[in-house]
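Peer 1: This is a predicted model, with the sequence first.
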Amino acid sequence: MRRRTIDIVFTRLKIAVFMDGCFWHGCPQHATQPKSNGEWWRVKIATNRARDLETTKYLQSEGWTVFRFWEHEPSGEVARVVRESVMLAREPKDR
């Protein structure tokens, strides 16, 4: 795979967090379609979404926990989900 960027990564715990922008990643709630060069943008955003899916599937196949959040999601809720996942991953496995 070509190099991909994870927004927040917990390498030892194999947790990847992506913060996806509504425009660039085609949010179902907030995505807009530019009128100028509309077809080019439609393809660009579809390609971004396909790359996102490919990246998620690849990381999961390698044993990673992957979180994807939209930029409009409340930051406190995003932080809570990530924190809980990190804390759970740090718990001893023999319990």
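Peer 2: Okay, I see it. Numbers count the residues shown, from 1 in each chain.

Peer 1: Restricting to C-alpha, output the longest helix along the chain in CSV.
Peer 2: Assignment by DSSP state H gives helix 38-61 as the longest helix of the chain. The C-alpha coordinates for helix 38-61 follow below in CSV (Å, rounded to 0.1, in the frame of the first residue of the first chain):
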residue,chain,number,x,y,z
GLY,A,38,-18.6,18.8,-10.7
GLU,A,39,-17.6,15.5,-12.4
TRP,A,40,-13.9,15.9,-11.4
TRP,A,41,-14.9,16.5,-7.7
ARG,A,42,-17.4,13.6,-7.7
VAL,A,43,-14.6,11.3,-8.9
LYS,A,44,-12.1,12.8,-6.4
ILE,A,45,-14.3,12.3,-3.4
ALA,A,46,-15.3,8.8,-4.5
THR,A,47,-11.6,8.0,-4.8
ASN,A,48,-11.0,9.3,-1.3
ARG,A,49,-13.8,7.2,0.1
ALA,A,50,-12.5,4.1,-1.7
ARG,A,51,-9.0,4.7,-0.3
ASP,A,52,-10.5,5.2,3.2
LEU,A,53,-12.3,1.8,3.0
GLU,A,54,-9.1,0.1,1.6
THR,A,55,-7.0,1.6,4.4
THR,A,56,-9.5,0.6,7.1
LYS,A,57,-9.8,-3.0,5.8
TYR,A,58,-6.0,-3.3,5.5
LEU,A,59,-5.4,-2.1,9.0
GLN,A,60,-8.1,-4.3,10.4
SER,A,61,-6.6,-7.3,8.6
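
Peer 1: Show me what counts as buried in that helix.
Peer 2: Using 16 or more other CB atoms under 10 Å as the burial criterion, the residues of helix 38-61 that qualify are 45, 48, 52, 55-56, 59. Every C-beta, even on glycine, is put in place using the N, C-alpha and C of the backbone.

Peer 1: for stretch 9-24, same thing?
Peer 2: Buried, per 16+ other CB under 10 Å, within stretch 9-24: 10, 15-20, 23.

Peer 1: can I get the CA coordinates of it in CSV?
Peer 2: Only the C-alpha atoms of stretch 9-24 are listed here, as CSV (Å, rounded to 0.1, in the frame of the first residue of the first chain):
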residue,chain,number,x,y,z
VAL,A,9,-2.1,6.5,16.3
PHE,A,10,-1.4,4.3,19.3
THR,A,11,1.3,2.1,17.8
ARG,A,12,1.9,-0.4,20.6
LEU,A,13,-1.9,-0.8,21.1
LYS,A,14,-2.6,-0.9,17.3
ILE,A,15,-5.3,1.7,17.5
ALA,A,16,-5.7,4.1,14.5
VAL,A,17,-8.0,7.2,14.6
PHE,A,18,-9.0,9.1,11.5
MET,A,19,-10.8,12.4,11.5
ASP,A,20,-12.5,12.7,8.2
GLY,A,21,-13.5,16.0,6.8
CYS,A,22,-17.1,16.2,5.6
PHE,A,23,-16.3,17.7,2.2
TRP,A,24,-13.2,15.6,1.4
